[in-house]
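Novice: Give me coordinates for this.
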Amino acid sequence: MSIKEKLRADLMDAIRSRDGISSGTIRMVLSAITNEEVSGKEVRILTDAEVITVLSREAKKRREAAVAYDAVGRADKADLEKSEGEIIAAYLPAQMGEDEIKKLIASAITQSGAGGPADMGKVMGILKPQVAGKADGAIVSGLVKEALNK
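Specialist: Residues are numbered from 1 along each chain as shown. You can find the predicted model right below:
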């Protein structure tokens, strides 16, 4: 069963159980997937990897919105965004730990021959496909900067 099919099945379950937050969140995610499918010159069906990219983007939007709402004192809205983020995260692959990311960074630095911060693009180019959907890009970027500045 593809991720998109699982989302559709879970949407039906959420609607039947009258779970407003889950059904609304899954509808938003399916809408984002559909928008991605119809963008461009021709309609296409997204692969699971592409669906994970869309899910990651949507989860990131929810994290950023929750932080913004917290900053202006809207705890109710922040909690809603966090709840939606948790629902979306359930469809993403397990997130990598910091130690695992650091091992990949060390390997990428060796593989690219990077010598300093100027070579960050080379390292990120190697890492991006390995961590796609499994780690937050901002965390990976920060760890790469840290490793290259040593």
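
Novice: Could I get the contacting residues of the residue nearest the centre of the chain?
Specialist: Nearest to the geometric centre of the chain sits Ser56, at 1.9 Å (C-alpha atoms, centre = their mean). Counting by C-beta atoms under 8 Å, 6 or more residues apart in numbering, Ser56 touches 92, 132-133. Glycine gets a C-beta too; all of them are placed from N, C-alpha and C.

Novice: Which helix or strand contains it?
Specialist: helix 48-71 (DSSP states H and E).

Novice: how about that helix: buried residues?
Specialist: 50-52, 54-56, 58-59, 61-63, 65-66, 69 (16 or more other C-beta atoms under 10 Å).

Novice: now swap in stretch 129-136 and tell me
Specialist: Neighbour-count burial for stretch 129-136 [16+ other C-beta under 10 Å]: 131, 133-136.

Novice: quick one: which of the residues you listed is nearest Ser107?
Specialist: For the buried residues of stretch 129-136, the residue nearest Ser107 by C-beta to C-beta is Val131; the value is 11.9 Å.

Novice: Give me the phi and psi for the spatially closest residue to that closest one that is not a sequence neighbour.
Specialist: Nearest residue to Val131 in three dimensions, chain neighbours excluded: Val140, at 5.5 Å (C-beta to C-beta, 6 or more residues apart in numbering). The phi and psi values for Val140, taken as degrees, to the nearest 10, are phi -60, psi -50.

Novice: Next, count neighbours for Val140.
Specialist: When counting by other C-beta atoms under 10 Å, one arrives at 23 neighbours for Val140.

Novice: I'd like the numbering to begin with 54 instead of 1 from here.
Specialist: Okay, using 54 as the starting number, the last item reads as Val193.

Novice: Now do the helices in this protein.
Specialist: For the chain, applying DSSP state H gives helices covering 56-69, 73-91, 101-124, 128-142, 151-165, 173-184, 190-201.

Novice: Now tabulate those in JSON lines and tack on mean pLDDT.
Specialist: Listed next are these as JSON lines, based on pLDDT from 0 to 100:
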{"stretch": "helix 56-69", "mean pLDDT": "95"}
{"stretch": "helix 73-91", "mean pLDDT": "95"}
{"stretch": "helix 101-124", "mean pLDDT": "92"}
{"stretch": "helix 128-142", "mean pLDDT": "94"}
{"stretch": "helix 151-165", "mean pLDDT": "87"}
{"stretch": "helix 173-184", "mean pLDDT": "85"}
{"stretch": "helix 190-201", "mean pLDDT": "85"}
